[in-house]
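A.B. asks: Sequence and predicted model, in that order:
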Amino acid sequence: MLRWGLYRTMMLCVLSRTLQLARHLYRPLGRSLCSTSANKPVLTLFTKKPCPLCDKAKEVLEPYKRRFILQEVDITLPENSAWYEEYKYDIPVFHLNGKFLMKHQVDIQKFEDQLRKLELQNDGKH
């Protein structure tokens, strides 16, 4: 009986330590993964099919794709008619976090500057 009690106490201690370690290791990782995707800037591309200039713009942005979420808005869809009226002669058009950023082609320096600014703001919130 004494052995079983000692064994059980030791096992509870080991399990407790394991859980504490797991919580300690998992918490920063979990927070990092969730906050990273939740706080990534959203780059909205106003486009239509076909759009060779839009395809070229996406190629230029490819090296940065892990730093933002790309959202495409097809301006020819009925629900996007307001965007069609505004941008029908200007695609590709990009908004970053809902604010106009650039049109016709990617201004990589402007994009990098604005992306970095948003990333610094997000880092400051943590």
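C.D. replies: Thanks, I have the structure now.
A.B. asks: burial of the nearest residue to Asn39 once chain neighbours are set aside, as a residue count?
C.D. replies: Closest residue in space to Asn39, ignoring its immediate chain neighbours: Asn122 at 4.4 Å, by CB to CB, 6 or more residues apart in numbering. Just so you know, the C-beta spots here come from the backbone N, C-alpha and C atoms, and that holds for glycine as well. By other CB atoms under 10 Å, 15 other residues sit near Asn122.
A.B. asks: again, but for Ile91
C.D. replies: For Ile91, the neighbour count with other CB under 10 Å is 21.
A.B. asks: do Ala82 as well
C.D. replies: Ala82: 9 neighbours (other CB under 10 Å).
A.B. asks: What distance do you get for it to Lys65?
C.D. replies: 28 Å (CB to CB, to the nearest Å).
A.B. asks: try Gly98
C.D. replies: Here the criterion is CB to CB. By it, Gly98 lies 19 Å from Lys65.
A.B. asks: again with Cys54
C.D. replies: For Cys54, the distance to Lys65 - CB to CB - is 15 Å.
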